[in-house]
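In: the following block contains a protein sequence and its predicted model.
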Amino acid sequence: MKLGEKQKLGLTGIAIGVIAVILVVLGNPKNMGFCIACFIRDTAGAMHMHTAPIVEYVRPEIIGIILGSFAISVISGDFRPKGGSSPVLRFVIGFIVMIGALVFLGCPLRMVLRLGGGDLNAFIGLLGFISGIAIGCVFLSNGFTLGKAAVQSRAEGAALSAVTTLLFILFIAAPSLFLFSETGPGSMHAPVAAALLAGLAVGIISERTRLCMAGGIRDIILVRDYTLIIGFAGIFIASLAGNLITGNFSLGFSGQPVAHSKHVWNFLGMLAVGLGSAMLGGCPLRQLILAGEGSSDSVMAVLGMLVGAAFAHNFSLASSADAGPGINGKIALVISIAVLLLIGIVVTLRERRKA
Amino acid sequence: MRLDTSGYSCPEPVIMTKKALKENPAGLDVIVDNRASKENVTRYAKALGYNVAIEEGNGCWTLKISK
């Protein structure tokens, strides 16, 4: 039986939800089987880019996702190095997406996993995420574009995957180079082999199905297409079922793992992530997948997220669990959303003048 | 009518196709250079009731969208 696109996306979502629940059982923080933003942040910490002692670890999941996407795209012919579509703007937007995610405490993938764990704060985040994507769709349907990408060399397309491989080799061969948390979320992790395999699996199936947390909502708003949202739904259903079975389900706002109940900031944090993801053409997970496929533009967004994570902790922009964001985080997030709107308006107006 | 979306990635080729189909409701050829756009544009055109014939060549796909 040949599976249709929707069935494949549904199964991919379910697989990711199940893998996330298994990673929590194996040691990852609760409701954080996968979190692209948190794991890039932990990796930035491990590489001494920030020194927040509770969030430092080289997350093999991130390495696996990039390399899984790279490997399957080379095999399938999807590896087509391209770049040059507003790289600096993509870096800036990636940076802002990370600030928003770290004020909320999670990327869109973790938002869905948190929903599956019964965390209602994530529902407030979802409302912000949908609002941000809706604003992005207004820009997109009025001509917003980051511009045309051009074909690049295979070396350019493979550079991030090569660096990621080197990072993994150093992590295994010379761990003393890195910082590792002794307490907090950074100290909680599944065994390296399991985390790497989980990342590879998610990288491969996400590349094949083009799963994207933002794309599903965007496609519904823009063209009434309900295909990509099925992956989103699959992750939610599988994580909900998995959390109920493993006893990790707890419905409510308070006492949720690595979360806070500052509703305004949860909403605005995910609004920034949604808007930024719509402008970049995909959520943080999708940026990792596209980076593996050889998109230099997505590599710029990933590097923006990496540097954004370091800034978020060096300048106290990230929220702390329970207490929520401090004054620096609130100011930075408001400025970040203003910058996204400014980029959106300026680029859209320029494109309309050209048309 | 030919619409070249090479170099643009998801969702822009779909939006470009949407606009072009408004101006050319009888159909058009859309050139896409990545699998995601190929599938998205095809799905979009089929949802509107068009037929889509796909030709591959030179690392691109030409989607012949017609009524």
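Out: Perfect, thanks for sending it.
In: the stretch 51-200 of chain A: strands as residue ranges?
Out: For the stretch 51-200 of chain A, the strands defined by DSSP state E, counting those that start in this stretch occupy A:82-83, A:150-151.
In: please read the previous query as pertaining to chain B.
Out: B:2-4, B:27-32, B:51-57, B:60-66 (DSSP state E).
In: return the most buried member of these.
Out: strand B:27-32 (a mean of 21; mean count of other Cβ atoms under 10 Å in any protein chain shown). Every residue, glycine included, has its C-beta placed from N, CA and C.
In: give me every residue in chain B lying close to chain A.
Out: With Cβ under 8 Å from any Cβ of the partner chain as the criterion, chain B meets chain A at residues B:6-12, B:14-15, B:18, B:33-36, B:39-40, B:43-44, B:47, B:59.
In: check contacts around whichever residue of chain B sits closest to chain A.
Out: Nearest residue of chain B to chain A: B:Gly7, at 3.6 Å (Cβ to the nearest Cβ). With contact taken as Cβ atoms under 8 Å, 6 or more residues apart in numbering or on different chains, B:Gly7 is in contact with A:Lys82, A:Ser85, A:Lys148, A:Ala149, A:Ala150, B:Asp33.
In: and A:Gly157, by the same measure?
Out: A:Phe79, A:Arg80, A:Pro81, A:Lys82, A:Glu293, A:Gly294, A:Ser295, A:Ser296.
In: nearest to A:Val92 among those?
Out: Among the contacts of A:Gly157, A:Ser296 lies closest to A:Val92 (Cβ to Cβ), at 15.6 Å.
In: which helix or which strand is home to the spatially closest residue to A:Gly116 that is not a sequence neighbour?
Out: Leaving aside its sequence neighbours, A:Gly116 sits nearest to A:Ser239 (Cβ to Cβ, 6 or more residues apart in numbering or on different chains; 2.9 Å). Using DSSP states H and E, A:Ser239 maps to helix A:229-246.
In: report the central residue of the chain.
Out: Using chain A. A:Pro284 (2.9 Å; Cα atoms, centre = their mean).
In: you answered for a different chain; I wanted chain B.
Out: B:Val30 (3.8 Å).
In: so what's that one up against?
Out: Contacts of B:Val30 by Cβ under 8 Å, 6+ apart are B:Arg2, B:Leu3, B:Thr5, B:Pro13, B:Met16, B:Thr17, B:Ala20, B:Val41, B:Thr62, B:Leu63, B:Ile65.
In: quick one, grab the pLDDT at the fifth one.
Out: Meaning B:Met16. B:Met16 is assigned a pLDDT of 94 by the prediction.
In: double-check it against B:Thr5; I have them as touching.
Out: Yes - B:Met16 is within contact range of B:Thr5, at 5.5 Å (criterion: Cβ atoms under 8 Å).
In: may I see the buried residues of stretch A:285-292?
Out: Neighbour-count burial for stretch A:285-292, with 16 or more other Cβ atoms under 10 Å in any protein chain shown as criterion, is recorded at A:Leu285, A:Arg286, A:Gln287, A:Leu288, A:Ile289, A:Leu290, A:Ala291, A:Gly292.
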